[in-house]
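> prediction below, plus the sequence it came from.
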Amino acid sequence: MSTSSPSDSTAPADTASPAAAVGDLVGPVQVESVAHGGHAVARLPQGETRRVIFVRHALPGELVRVRLTDVSQARFWRGDAVEVLEPSDDRVTPRCPIAGPGGCGGCDLQHVSAAGQGRWKQAVVAEQLERLAGITWHGHMESPEPRWGWRRRMRYWATEPAQPGGPGLGMRRHRSHDVVPLPTSGCATAAPEIAGTDIDLPGWPDGSPRSIDLVRAASGTEVMVDESDVVVTEEALGRRFEVDAQGFWQAHPAAVEVLSAAVLAGLEPNPGERGFDLYCGVGVFAAALADAGVQMWGVEGNRAAVEHAKRNVAGVRFTAGSMEKMLARLPKSTDLVVLDPPRTGAGKNVISQIASRRPRRIAYVACDPAALARDLRHAEAMGYAPTSIRAFDLFPQTHHIECVAILAR
Ligand SMILES: C[S@@+](CC[C@H](N)C(=O)[O-])C[C@H]1O[C@@H](n2cnc3c(N)ncnc32)[C@H](O)[C@@H]1O
C-alpha cells in the first residue's frame, strides 16, 4: 500500500478536467487498498495516468461503480461507491439508515464488519508508519467495547424548518454544511441518552442552521445551545475530573482507562521519578503518573482546562501556554514524558525540546497515525526509537484511530 491520503496532496486544482464532472457515474473499478482518512483507493482502468479515485463506502477487493463527488484535483478524484458489483466478505449492511453515500459524514466505516474495521485500521497504521517514518509495524488493533452507543459528546445541527415533521436534528454531510435529518432511532454511535431522539431544538430566527451540543458525563446529561458555559464531572482512574462540557474529554467511555494503562505499562514509572504531562488537558495522564508516585509537571494551552487540572490533581505543577514556549520553562531534565498532542502532532521543535531533557522513556499518545509517524522521524533524529507501538479502535464505525508509542534512547 503506497497511496497517500487525499488531504496530503499539494497538487494544484485541475480546472481543465473536461473528462468528468461531479455527479458522473464511473466504473466499474476494482478497489485496491485502504487509505488514511476513511477512503479506499481505486484507479480508472483507462487513460494514461490511470487516475486515482479515493472512494468512500467501498472495501479493498470490491468491484464498484463510483459517483464522483470531487474532480477539482489534478492527481485524484473523490467519489462514493453507489453500486457494489462484487462485494467483499467484510461488507455488512450499515446499522444506521443515513450512513452511506450522500448521508451523514460521521461514520465512514459502518459498511465494514468489526473484524474488517480492525484489518482496515491496522493497514492504515502500518502504511503511515512505513511511508512516513520507515518503521515496519506488525501490531494489531485493540478494540475495547462498546462498538455502538459509545460517543459521550455529540454535536447536532438543526434541519431546515421546511423539513417534513418540522424542526429536528441532523448531522452534516461529508465535506459539506448540508444537514441530513437524523433517523427516528437517533444516532447509533451516540450514548443512548444523547442519541438525539427526544431533544427539542429552539427555533433559529435568523434562518441559519444552529448547532446543539449534547454531553453524557458521569455527572449527568447536558444539553447546550451555542456557547453555553457548563462544567461536568467525569469519573476515571478511581478519580473525579471536572471538565468544561465543550472542552476536551475522550469520547469513548473506555478511552481514559485504556490509554492510561498503555502509558503506565510502557513507561514503567518508579516512585520518586520526575515526569512531564504535555498537552495535559484536565490532567488525566498526570493523575495516572502521580498516583504511581511520579513528581509531575503539566502543560496545556487551554487556560480553563489548566484551572480544572489544578483542582483535579493535587500536587502537580500545571502551567497554561503554548507548548513551544512553556516547555522551555520546565526543568532541564526529566525521567518520563507523556505527550498527547492535537491532530497536527507535536512538531520538530517540541520533540527536540523533549529529547534534550534526556528522558528514560517517552509515551506518545496520538489521534492521527500520520502525525505520529512524522514526529517519530523527528524523535529518531534526536536518538529516540519506538520500543512498542499499540493501536486502539476507540472510534468504532469511523476511520479514526488512537495509538500509543513508547520511545527510549
Ligand atoms: C488530544 S487533547 C489531549 C488532552 C489530555 N491529554 C486528555 O487526554 O484529556 C490535546 C490537548 O492539547 C492542547 N493543545 C493544542 N495545541 C497546543 C499547543 N500548541 N500548546 C499547548 N497545548 C495545546 C489542547 O487544548 C488539548 O487539550
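Sure thing, it's come through.
> tell me, how many residues neighbour residue 128?
Look at residue 128: counted by other C-beta atoms under 10 Å, it has 26 neighbours. Every C-beta, even on glycine, is put in place using the N, C-alpha and C of the backbone.
> residue 348 now?
Applying other C-beta under 10 Å, I find that residue 348 has 15 neighbouring residues.
> wait, a helix at it?
Yes. The assignment for residue 348 is a helix, going by DSSP: H, G, I helix; E, B strand; the rest coil.
> surely it and residue 379 touch.
No. The criterion here is C-beta atoms under 8 Å, and residue 348 misses it with residue 379 at 9.6 Å.
> residues touching whichever residue of the stretch 1-150 of the chain sits closest to the ligand, list them.
Closest contact between the stretch 1-150 of the chain and the ligand, by C-beta to the nearest ligand atom, is at residue 144 (15.4 Å). By C-beta atoms under 8 Å, 6 or more residues apart in numbering, the contact set of residue 144 is 252, 254-255, 258, 392-394.
> secondary structure element for it?
For residue 144, there is no enclosing helix or strand under DSSP states H and E.
> are we agreed that residue 373 is in a strand?
No. The assignment for residue 373, made by three-state DSSP, is helix rather than a strand.
> number of nearby residues for it?
Residue 373 has 25 nearby residues by other C-beta under 10 Å.
> so how many other residues sit close to residue 329?
10.
> how about it, nearest residue that isn't a chain neighbour?
Counting by C-beta to C-beta, 6 or more residues apart in numbering, the nearest residue to residue 329 once its immediate chain neighbours are dropped is residue 319, at 7.0 Å.
> now do the same for the one you found: helix, strand or coil?
strand.
> that one and residue 313, how far apart?
Separation of residue 319 from residue 313 (C-beta to C-beta, to the nearest Å): 13 Å.
> for the residue of the stretch 101-250 of the chain found nearest the ligand, give me the pLDDT.
When scored by C-beta to the nearest ligand atom, the stretch 101-250 of the chain has residue 248 as its residue closest to the ligand, at 4.2 Å. Note for residue 248: predicted pLDDT of 96.
> what's the longest helix belonging to the chain packed up against?
In the chain, ranked by residue count with DSSP state H as the criterion, the top helix is helix 114-133. Applying 3 or more C-beta pairs under 8 Å, 6 or more residues apart in numbering; DSSP states H and E, one finds that helix 114-133 contacts strand 25-34, strand 141-142, helix 369-381, strand 385-392.
> quick check, the longest one touching the ligand?
Read that as helix 369-381. No. Judged by C-beta under 6 Å from any ligand atom, helix 369-381 stays clear of the ligand, getting no closer than 10.9 Å.
> buried ones in that helix?
369-380 (16 or more other C-beta atoms under 10 Å).
> circling back: the longest helix of the chain versus strand 385-392: what angle between them?
Relative orientation of helix 114-133 versus strand 385-392 (axes from the mean of the first three to the mean of the last three C-alpha atoms, to 10 degrees): 150 degrees.
> show residues contacting helix 114-133.
Taking C-beta under 8 Å, 6+ apart as the rule, helix 114-133 contacts 1-2, 4, 33-36, 59, 88, 90-92, 109, 112, 135-141, 143, 147, 369-370, 372-374, 376-377, 380, 389, 391, 393, 396-397, 399, 401, 403.
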